[in-house]
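J.: dropping a prediction and its sequence here:
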Amino acid sequence: MVSRNKKIRAKVSQILKKRHFMPPNTTNTASKAFDASGYSLEAEAGVLGSILIDKEAIIPDLKPSDFYDTRNEFIFKAIVDLDEERTEIDMLTVAAKLESDKKLKLAGGKGRICEITEETPTSSHLKSYTKIVKQKSIIRAVRRAGREIALLDDPKKADAILGKAISKIHDKNPNDVLDLIDIYNDSISRKEELKEKYGSVGLITGYKRVDRDICFERGQLITLAAKTSVGKSALGVNFGLGAASKGQSVLYFSLEMPEPQLLDRVFSGMSKGAVGKEIGVRDFKHLKVGKEDLDKIMEKFITLEKFRMLSQAAISSRGIVNHCKRIKKNHGLDFVIVDYLQIMGDQAEKGESETNRLARITGNLKNIALELDVVVLLLSQFSREGTEINNLRGSGSIEQDSDTVLVIDRDKNRPDGYLTVKKARSDAMVSIPIIFNSSTTTYREMPETPGEIIARETEKMFS
C-alpha cells in the first residue's frame, strides 16, 4: 500500500512540475545623478543593478532599445530573455546568457556586470530609475524625429515621422485615441466574448448563488475574510477548483500550507464527483484510500490542467506579481487566489508603518487585477473579535483597494453559517447561507427558501 502511494505521489509531483514555474530571481541596483542630455547612464545602471540584486524585483516595462548605452541594451535584453525562459536571474546567469549569445564582450564583459551590481546598494529606487530611462528614451525619439523632419524634402512625410515620435511618448499607436463611446463598445464586446466562451460575464466559481448575486468580475480585487479555523482556505480552494472545472485558468498561492497537505484537501473535495462518495481528508493523509478510487480521483485531477498552485512561505506581493505576469503570458490567467494577507513576506521599508506596509500589498494586488484583467481573491484573517471590516488588521487599505469584501460568518464549532457581502462597489449587499463539511473541507450553498425566491423575484419586478 505504501509503495503504491509513493508511486501515486510521484505521479502527482510530475503533474505539478508541468504546471509550476521556478520562482523569479530578478535583481535591481542603485543609481547616481543624471545629466540633462538625452540619456542617463547612471539610471540605466540603476535599473540593471536593481534587477541583479533583488530576487523579487519586477522586470520594468522597458524595451532594450530604451537604453542609450549599447552595453546596457545587451544586458537588459539578456535579462528579458532569461525571464521569458523562467530562468533564475543573477550575475552568473546573465553573463552565461550573454556569452552563449556571443554578446558578452559587447556588453563590457563579466567585470562590468559585477561593477553594476556592486554600485547598487538597494533596489528600492527601481521605479525612479525606470522612469528616468523611459523619459530619456522619449527625449531621444523626439529629437530624432525633429532631425529627420528638418532634412525632409517632402513635407508630407513629416506626419508619419511625427506619428512615430508620438507613439513613443504614449507607447501605443497615435491613432488609438479612445473616446467614451469606444471604451463602452470595447467593454460590451469583451463581455459578449466572455459570455460566449464561459456562459457568464463574471468568473464562474461553480457556486450558483455566488455567481448570480455577487459576480466576480475581472479587474477586481475581492477580499475574503474570516476568523481563524472556520475554513477560509477551504472556500478559496473550492472557488479555485470550481473555476478551473469550467475551463478558467487559476493560480493559487498558499503561504502557510505545504503542497502535499493542500493536495489532500483538493483530492478529498473532488472525491464525490469522481467516485460518487465522499472520502475525508484524513483518509488521504493516512493513505487509507483504495487504489480504484484513488486512480479515478487522479484521472479527474489531471483533467483540471487549468488549476495551478504554488506553496511558498512568505512570498511577497512583488513575487506574486512576477508569477502572475509569467503565467498570463505563457498560459493565460483568469483567477488569482492569495492565502493569506497577514503572512505575506513584504518587508516594511525604513520608517514604514504596518498600516502602510499592508496598503502597499493590497495596492500591488489591485494593480495586477487591473493590469492583467483577472480576478484577485485575497484571503484575510480577523485579528480580534467581530466580523466587521474594521476588525481586520489593515482594514483601511483593505476597504479602500477591495472592490468587494466577503466575510465567512460562522462559528468554528457549527457547520452552518453565511457568506456575507460587507462591501460592494457594484452589487447588492447579500448574505448567502452556507454549510461546511469538515471531513472533506468543502463548502456548499444552502438552497433558497420559497420566501427568498419570492423576495428576489419581487425585487426584480421593481428594480
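T.: Arrived safely, thanks for sending.
J.: so which residues of the stretch 251-400 of the chain form helices?
T.: For the stretch 251-400 of the chain, the helices defined by DSSP state H, counting those that start in this stretch occupy 259-275, 281-285, 291-303, 317-331, 354-372, 395-401.
J.: actually, the stretch 101-250 of the chain.
T.: With helices called from DSSP H, counting those that start in this stretch, the stretch 101-250 of the chain shows them at 109-118, 126-150, 158-170, 180-198, 208-209, 232-245.
J.: weakest of those by average pLDDT?
T.: Sorting the helices of the stretch 101-250 of the chain by mean pLDDT places helix 158-170 lowest, at a mean of 57.
J.: for the stretch 251-400 of the chain, give me the ranges with low pLDDT.
T.: Residues of the stretch 251-400 of the chain that meet the criterion pLDDT under 70 lie in 384, 394.
J.: as JSON lines, the helices of the stretch 251-400 of the chain with distance to Gly49 and mean neighbour count would be great.
T.: Quick note: C-beta positions are derived from backbone N, CA and C, even for glycine. Shown next, in JSON lines, are these (distance: least, CB to CB, whole Å; neighbours: other CB atoms under 10 Å):
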{"stretch": "helix 259-275", "distance to Gly49": "34", "mean neighbour count": "19"}
{"stretch": "helix 281-285", "distance to Gly49": "47", "mean neighbour count": "18"}
{"stretch": "helix 291-303", "distance to Gly49": "43", "mean neighbour count": "15"}
{"stretch": "helix 317-331", "distance to Gly49": "17", "mean neighbour count": "20"}
{"stretch": "helix 354-372", "distance to Gly49": "22", "mean neighbour count": "19"}
{"stretch": "helix 395-401", "distance to Gly49": "30", "mean neighbour count": "18"}
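J.: nearest to Ala96, out of those helices?
T.: helix 317-331 (20.4 Å; CB to CB).
J.: show me how far the closest one is from its chain's centre.
T.: Relative to its chain's centre, helix 317-331 lies at 6 Å (CA atoms, centre = their mean, to the nearest Å).
J.: just checking, what packs against that helix?
T.: Here helix 317-331 touches strand 250-254, strand 307-311, strand 335-339, helix 354-372, going by 3 or more CB pairs under 8 Å, 6 or more residues apart in numbering; DSSP states H and E.
J.: how about Met257, phi and psi?
T.: The phi/psi pair for Met257 (degrees, to the nearest 10) reads phi -110, psi 120.
J.: hang on, the earlier thing: and the helices and strands packed on helix 317-331: which comes nearest Leu287?
T.: For those, proximity to Leu287 was assessed by CB to CB; strand 307-311 is nearest, at 20.4 Å.
J.: and that closest one with helix 291-303, angle?
T.: Angle of strand 307-311 versus helix 291-303, following axes from the mean of the first three to the mean of the last three CA atoms, to 10 degrees, is 100 degrees.
J.: what packs against strand 307-311?
T.: Judged by 3+ CB pairs under 8 Å, 6+ apart, strand 307-311 is in contact with helix 2-19, helix 232-245, strand 250-254, helix 259-275, helix 317-331.
J.: which parts of the stretch 351-463 of the chain are strands?
T.: 375-381, 404-409, 416-424, 431-437, 442-445 (DSSP state E, counting those that start in this stretch).
J.: got the ones you listed as CSV, with distance to Ser254 and mean neighbour count columns?
T.: Formatted as CSV, the strands of the stretch 351-463 of the chain follow (distance: least, CB to CB, whole Å; neighbours: other CB under 10 Å):
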stretch, distance to Ser254, mean neighbour count
strand 375-381, 10, 26
strand 404-409, 18, 23
strand 416-424, 21, 18
strand 431-437, 19, 18
strand 442-445, 17, 18
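J.: got a markdown table for the ones you listed, with distance to Pro121 too?
T.: As requested, the strands of the stretch 351-463 of the chain are exported to a markdown table (distance: least, CB to CB, whole Å):
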| stretch | distance to Pro121 |
| --- | --- |
| strand 375-381 | 32 |
| strand 404-409 | 39 |
| strand 416-424 | 41 |
| strand 431-437 | 50 |
| strand 442-445 | 48 |
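J.: center of the chain, which residue is that?
T.: Closest to where the C-alpha atoms of the chain average out (CA atoms, centre = their mean) is Cys324, at 3.9 Å.
J.: go ahead and confirm that residue touches Leu365.
T.: No. Using CB atoms under 8 Å, Cys324 makes no contact with Leu365, being 9.4 Å away.
J.: hmm, back to that, just tell me which of the helices and strands packed on helix 317-331 ends up closest to Ser431.
T.: Minimum separation from Ser431 across these (CB to CB) falls at strand 335-339, 22.1 Å.
J.: what residues does that closest one touch?
T.: Strand 335-339 is contacted by residues 203, 216, 232-233, 236-237, 239-240, 243, 248-257, 320, 324, 344, 365, 368-369, 374-379 when judged by CB atoms under 8 Å, 6 or more residues apart in numbering.
J.: sorry, back to before: out of the helices of the stretch 251-400 of the chain, which is closest to Val47?
T.: So among these, helix 317-331 is nearest, using CB to CB, at 15.4 Å.
J.: how about the helices and strands packed on strand 307-311 in CSV, adding distance to Ile222?
T.: Output for these, formatted as CSV (distance: least, CB to CB, whole Å):
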stretch, distance to Ile222
helix 2-19, 23
helix 232-245, 10
strand 250-254, 14
helix 259-275, 21
helix 317-331, 15
